[in-house]
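Q: fold the following, please.
(chains A and B)
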2 protein chains.
Amino acid sequence: MSRNIKLTIEYDGTAFNGWQVQPNNQRTVQGIIEKAVQKIFNKKIRVIGSGRTDSGVHALGQVANFKVKSDLPLIKIRGALNANLPVDVVILKVEEVPLDFHARYSVKAKTYRYTVLYRKTRCARQRHFCLLYPYPLNLSHMRQEAKILVGRHDFKSFQAVDAAKPKRGENTVRTIKRLEIKKKGDYIYIDIEANGFLYKMVRNIVGTLLEIGTRKLPKGSMKNILSKKDRTAAGPTAKSHGLALVEVKY
Amino acid sequence: MSRNIKLTIEYDGTAFNGWQVQPNNQRTVQGIIEKAVQKIFNKKIRVIGSGRTDSGVHALGQVANFKVKSDLPLIKIRGALNANLPVDVVILKVEEVPLDFHARYSVKAKTYRYTVLYRKTRCARQRHFCLLYPYPLNLSHMRQEAKILVGRHDFKSFQAVDAAKPKRGENTVRTIKRLEIKKKGDYIYIDIEANGFLYKMVRNIVGTLLEIGTRKLPKGSMKNILSKKDRTAAGPTAKSHGLALVEVKY
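A: Below you'll find the model as predicted:
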């Protein structure tokens, strides 16, 4: 009988061309996990992720699933996978889930964290995991404008330009449940939880919030940007290496 | 007139053969900073560190000083140094200090942090910055035994074996001002502040504390180990990549 296996995955995205399998044998997280799965079960099996992450984006709790006919105990599957995976990706949890569980379609909410190093000098020790921002930021201003985004909205203004010609009628409405901006020492953490994200939505929101924080964009900008439903109204896309997928809820 | 320049330095120790200049042109932090200093001031100048750190050990606030005849503003020295340093080392602060300031001899206290990842699966994202420890640890037991080390003691039992034949009469007495064991999520942080450290002392203390935590060493061991003044009485040396020099006080 087929079992449906759910994986919780941590990875350092620095040396990956993102999550999704790419042509030309590029190094991707999905590709590397599928290779490990194939080695263990002696069969090519598709591993479905909760969604793709871009080159350089990290994960503390990416989720994926695959179906397999095997009665290998879960703890052995985890051990065997980790033994066949490189140092920059690790399977934290292996669970058996109902057959109708689908890592992408069953998602209820996702949380991303964007990490900003807020100081004058670049980062040596955590350079792959944060964006340096050396310009003065008004955090209370950022927090106020961020509130506008919480709730159910059409986030078309924050959808990637390279997805600017979406399929006709594509739904760009999402619900942001939580958007918090915290400061700890030299670090600023921007945590966003939503029922789903458009392509590059987090990085476009962060880029916009940083421009608001430096007052390149005036007070009240966020409401205006959101209502325009036009990518050119928002700020730039923040670099990928500051971003991490923290959790996927089902 | 000569000025005495104090540097506060952060580095990712992963790709360095430690702090100290080595023969055969090995890549060391001191060597790389001296090269940058030479490029800026057009002169070979010795850069004195607060002490060496081993291969793989990181620093959030290593301190060094050098003397130079130049009236280049401090902020320009910082900018020029950082422009000439690789991505894994950065000068956080440049200050002018009295001519008698010596980065090593003037030290009043140093703080090190050792980071343990306390879970079953290895670390992908922070693998260069923590030691995986998958065995059950009794933290309250560790904290109790750690208290024995606080204060002024002869730490000969925790001095590196390869320094086992110290110069006759070498002083192995040090004062540990603070030794804290904190747990945050899956991480355990062991913070040690002392007026000075013997070679590999922090890593030998951490290795011993971990053996105490798993009860490989019985209750009351620490007192016994300390009084023996013999390296073989203590636990193993914890690996270097979990260690970071946090702060040097003057």
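Q: and chain A, which of its residues are near chain B?
A: Contact residues, chain A versus chain B (CB under 8 Å from any CB of the partner chain): A:10-12, A:58, A:60, A:78, A:82, A:87-92, A:121-125, A:127, A:129, A:244. Any C-beta I mention is one placed from the backbone N, CA and C, and that applies to glycine too.
Q: ok, which stretches of chain A are helices?
A: Taking DSSP state H to define them, one finds helices in chain A at A:29-41, A:74-83, A:139-147, A:201-213, A:221-228.
Q: among these, which is nearest residue B:229?
A: Closest approach to residue B:229 among these (CB to CB): helix A:74-83, 42.0 Å.
Q: looking at the helices of chain A, which is buried most?
A: Comparing the helices of chain A by mean neighbour count (mean count of other CB atoms under 10 Å in any protein chain shown), helix A:201-213 comes out on top with a mean of 24.
Q: helices and strands around that helix, which ones?
A: strand A:109-117, helix A:139-147, strand A:173-184, strand A:187-194, helix A:221-228, strand A:243-249 (3 or more CB pairs under 8 Å, 6 or more residues apart in numbering or on different chains; DSSP states H and E).
Q: mind doing that once more with 10 Å?
A: strand A:109-117, strand A:131-132, helix A:139-147, strand A:173-184, strand A:187-194, helix A:221-228, strand A:243-249 (3 or more CB pairs under 10 Å, 6 or more residues apart in numbering or on different chains; DSSP states H and E).
Q: need these in CSV (columns: mean pLDDT).
A: CSV is the format used below for the helices and strands packed on helix A:201-213 (pLDDT from 0 to 100):
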stretch, mean pLDDT
strand A:109-117, 98
strand A:131-132, 97
helix A:139-147, 96
strand A:173-184, 98
strand A:187-194, 98
helix A:221-228, 94
strand A:243-249, 98
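Q: any regions of chain A where pLDDT drops low?
A: Along chain A, segments meeting pLDDT under 70 span A:162-169.
Q: one more time with 80
A: A:161-170 (pLDDT under 80).
Q: now do residue A:22 against chain B, distance only.
A: According to CB to the nearest CB, to the nearest Å, residue A:22 stands 20 Å off from chain B.
Q: how about that residue, what does it touch?
A: By CB atoms under 10 Å, 6 or more residues apart in numbering or on different chains, residue A:22 lies in contact with A:28, A:30-31, A:55.
Q: which residues are in contact with the nearest residue to residue A:153 once chain neighbours are set aside?
A: Among residues not flanking residue A:153 along the chain, residue A:226 sits closest, at 5.9 Å (CB to CB, 6 or more residues apart in numbering or on different chains). If you count contacts by CB under 10 Å, 6+ apart, residue A:226 has them with A:148-149, A:153-158, A:208, A:233-234.
Q: filter these down to the buried ones and hand me the ChimeraX line.
A: To isolate the buried ones among the contacts of residue A:226 in ChimeraX, judged by 16 or more other CB atoms under 10 Å in any protein chain shown, type:
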select /A:148,149,153,155,156,157,158,208,233,234
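Q: so how many other residues sit close to residue A:1?
A: If you count neighbours by other CB atoms under 10 Å in any protein chain shown, residue A:1 ends up with 6.
Q: surely it touches residue A:96?
A: No - contact between residue A:1 and residue A:96 fails when scored by CB atoms under 10 Å: they sit 11.3 Å apart.
Q: in strands only, show me the residues of chain A next to chain B.
A: Judged by DSSP state E, these include A:10-11, A:58, A:60, A:89-92, A:244 as members of strands.
Q: and residue A:161, what is it in contact with?
A: Residue A:161 touches A:199-200, A:204, A:231-232, A:237, counting by CB under 10 Å, 6+ apart.
Q: ok, now how distant is residue A:62 from residue A:1?
A: Distance, residue A:62 to residue A:1, using CB to CB, to the nearest Å: 27 Å.
Q: just residue A:224 next, same as before
A: As judged by CB to CB, residue A:224 and residue A:1 stand 56 Å apart.
Q: what's the nearest residue to residue A:120 if we skip its chain neighbours?
A: That would be residue A:134: by CB to CB, 6+ apart, it lies 5.0 Å from residue A:120.
Q: so what's the residue count around the one you found?
A: Per other CB under 10 Å, the neighbour tally for residue A:134 reads 11.
Q: pretty sure it contacts residue A:117?
A: Yes - using CB under 10 Å, residue A:134 is in contact with residue A:117, at 8.9 Å.
Q: rewinding a little: tell me which of the contacts of residue A:226 fall in strands.
A: Going by DSSP E, the strands hold A:153-154 from the contacts of residue A:226.
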